[in-house]
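A.B. asks: generate coordinates for the sequence data below:
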Amino acid sequence: MLTELFVKNFALIDEVRMEFGPGFSVISGETGAGKSILVEALGLLVGGKAAPGLIRAFESEAIVEGIFEIDERNPMRTLLSDAGLDDPAGPASGDQLVIRRHIAGGGRNKIYINGRSAPLSQLETFGPYLIDLSGQHDQQILLHEENHRALLDGDPKIVPLLELYHRSYTSYSVLSNEVAELKQVSADRDRRLDFLKFQLKEITDAKIEDTAEEEHLLAERSRVKNADFLFELAREASEGLSEGEEAVLERVDLLISKLEKGLSRDPSLEDGLKMLAQARAPLADAGNFFASYLEKLSVEPGRLDEIEARLYLFHQLKKKYGETLGRVKEKGEEIEKSLDDLENFEDRLARKEKESALLTAELGEKASLLSEARKTAAVTLEKKIQ
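C.D. replies: Residues are numbered from 1 along each chain as shown. A predicted model of the protein is given here:
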């Protein structure tokens with residue numbers, strides 16, 4: 001049932017909004033008042049052809065919108081469900097259907113059904129179930145065989161059977177796609193297995209145990225490349241602190257010895273002596289550090305080449321499998337799981353095919369019930385028409 005009609009910039013009409021309640025409504029007026037224009041606007045809502053000449057003078061666009069109330073017995077419910085339009089995205093909800101047409105110059109026309117863009121052909125299919133424009137040459141939906149199923153499916157005894165069938169068919173379609181995908185995997189299985197095994201071997205052969213190894217190698221490479229410079233620097237620091245008569249520690253020890261002798265003459269020197277003695281310990285630790293550093297700085301022949309080779313390997317792996325070594329390891333785990341799935345996919349395919357067979361049988365039973373209900377409803381409808 002049409003509950004509201006909105007027309008703007010259409011022919012001679014500036015803007016009008018009409019609401020229709022239950023019962024019989026009449027649009028009356030003198031000749032030329034615009035009744036035929038409203039009928040033409042209604043025709044656009046059911047698939048009528050739109051032309052730029054319908055746009056009001058000096059306007060760029062005409063709009064015609066209709067809001068319909070669709071009860072649960074209306075065949076439109078089935079049509080909307082089949083078209084995926086039974087969940088309104090526009091202002092309508094529940095039992096409402098909103099059709100909106102925009103007519104613009106240059107043939108840039110738009111059609112929206114429940115807020116979603118739709119082709120004219122779809123609107124033409126829906127039209128006969130919404131408005132019956134009686135006239136000498138108008139279509140009668142009962143004369144068209146392709147409309148009979150939708151009329152039958154509005155029967156209250158068929159609606160729940162149809163919903164059950166649709167749910168089963170949806171499950172069947174999903175399962176059928178899964179089986180088809182598994183069969184495709186089966187066709188490519190050997191090639192896929194070889195490729196995944198190659199990838200897994202490439203990752204496992206790298207023996208990445210510590211994802212921070214690359215950072216450690218980069219730091220070591222810098223030390224190896226600058227070994228001569230670092231050796232001289234550490235040697236100078238070590239000698240300056242603890243070797244020779246001019247070493248810092250030797251001079252500190254000499255000062256401590258002299259200050260200890262001065263205490264007998266001025267006890268106030270004790271605080272300064274303590275501070276100097278405390279300062280000696282970290283200086284000695286620094287001397288030991290540089291001495292140890294020098295011992296460890298020795299570079300084995302070929303070590304730089306080993307580091308460069310390892311870093312290059314990491315670079316190649318990251319290009320293929322991820323931006324970090326951590327991601328490379330994760331990719332290896334994913335490949336291992338994919339291999340396991342492939343090697344055991346025969347069992348999965350068998351299970352899915354068994355489920356598909358059971359669901360096919362269930363779907364056949366529901367289809368039979370639906371078919372019988374339609375046949376019964378057809379007899380009832382035929383008697384009513386006669």
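A.B. asks: which parts of the stretch 151-300 of the chain are helices?
C.D. replies: 159-187, 189-204, 213-225, 227-242, 248-262, 270-296 (DSSP state H, counting those that start in this stretch).
A.B. asks: need the phi and psi values for V98.
C.D. replies: Recorded main-chain torsions at V98 are phi -120, psi 120, according to degrees, to the nearest 10.
A.B. asks: pretty sure it sits against N114.
C.D. replies: Yes - with contact defined as Cβ atoms under 8 Å, V98 reaches N114; the gap is 5.7 Å. (Glycine included, C-beta is placed from N, CA and C.)
A.B. asks: and these two? Which one has more around it.
C.D. replies: Each of V98 and N114 has its neighbours counted (other Cβ atoms under 10 Å); N114 has more, 22 against 19.
A.B. asks: the more buried one contacts R100, correct?
C.D. replies: No - counting by Cβ under 8 Å, N114 stays clear of R100, with 9.4 Å between them.
A.B. asks: list the contacts for the residue nearest to L325 when sequence neighbours are not counted?
C.D. replies: Excluding the flanking residues, the one nearest L325 by Cβ to Cβ, 6 or more residues apart in numbering is T211, at 4.5 Å. Taking Cβ atoms under 8 Å, 6 or more residues apart in numbering as the contact definition, T211 lies against 324-326, 329.
A.B. asks: let's see it at 10 Å
C.D. replies: Counting by Cβ atoms under 10 Å, 6 or more residues apart in numbering, T211 makes contact with 324-330.
A.B. asks: from L54, how far off is the closest residue to L259 other than its chain neighbours?
C.D. replies: Leaving aside its sequence neighbours, L259 sits nearest to L273 (Cβ to Cβ, 6+ apart; 4.5 Å). In this view, L273 and L54 are 108 Å apart by Cβ to Cβ, to the nearest Å.
A.B. asks: one more: S168?
C.D. replies: Relative to L54, and taking Cβ to Cβ, S168 is found at 46 Å.
A.B. asks: what's the answer for L45, then?
C.D. replies: From L45 to L54 the distance is 13 Å (Cβ to Cβ).
A.B. asks: what's the overlap in contacts for these two?
C.D. replies: Joint contacts of L45 and L54 (Cβ under 10 Å, 6+ apart) are V64.
A.B. asks: of the two, which one has the most company?
C.D. replies: L45 (23 against 18).
A.B. asks: please name the residues that touch the more buried one.
C.D. replies: Contacts of L45 (Cβ under 10 Å, 6+ apart): 2, 5, 64-68, 99-101, 111, 123, 126-127, 130-131.
A.B. asks: show me which pair in these is furthest apart.
C.D. replies: L2 and I111 (17.2 Å; Cβ to Cβ).
A.B. asks: relative to the whole chain's centre, how far out is the helix or strand of the chain at the bottom of the mean pLDDT ranking?
C.D. replies: Here the helix or strand of the chain ranked lowest by mean pLDDT, DSSP states H and E is helix 148-152, holding a mean of 76. Offset of helix 148-152 from its chain centre (Cα atoms, centre = their mean, to the nearest Å): 38 Å.
A.B. asks: how about that helix: buried residues?
C.D. replies: Of the residues in helix 148-152, 150-152 count as buried by neighbour count, 16 or more other Cβ atoms under 10 Å.
A.B. asks: name the helices or strands packed onto that helix?
C.D. replies: helix 76-82, helix 345-385 (3 or more Cβ pairs under 10 Å, 6 or more residues apart in numbering; DSSP states H and E).
A.B. asks: I256 and L273, how far apart?
C.D. replies: I256 is 7 Å from L273, by Cβ to Cβ.
A.B. asks: hmm, I was thinking of L130
C.D. replies: 106 Å.
A.B. asks: same thing with L283?
C.D. replies: L283 is 16 Å from L273, by Cβ to Cβ.
A.B. asks: next: E346.
C.D. replies: For E346 relative to L273 (Cβ to Cβ), the value is 86 Å.
A.B. asks: higher neighbour count, these two?
C.D. replies: Taking neighbours as other Cβ under 10 Å, E346 and L273 compare with L273 leading, 16 against 12.
A.B. asks: how near is the more buried one to L97?
C.D. replies: Shown here: L273 relative to L97, a distance of 99 Å by Cβ to Cβ.
A.B. asks: L359 too?
C.D. replies: 33 Å.
A.B. asks: same question for P119.
C.D. replies: 17 Å.
A.B. asks: these two: who's more crowded?
C.D. replies: L97 (25 against 10).
A.B. asks: surely L161 and R167 touch.
C.D. replies: No - the pair formed by L161 and R167 falls short of the contact definition of Cβ atoms under 10 Å, at 11.0 Å.
A.B. asks: shared neighbours of those two, which are they?
C.D. replies: Common neighbours of L161 and R167 (Cβ under 10 Å, 6+ apart) are K366.
A.B. asks: more neighbours, these two?
C.D. replies: Using other Cβ under 10 Å as the criterion, L161 and R167 rank with L161 on top: 19 against 11.
A.B. asks: and the closest residue to the more buried one other than its chain neighbours, how far from E61?
C.D. replies: Spatial nearest neighbour of L161, excluding adjacent residues (Cβ to Cβ, 6+ apart): L370 at 4.8 Å. Relative to E61, L370 is positioned 45 Å away (Cβ to Cβ).
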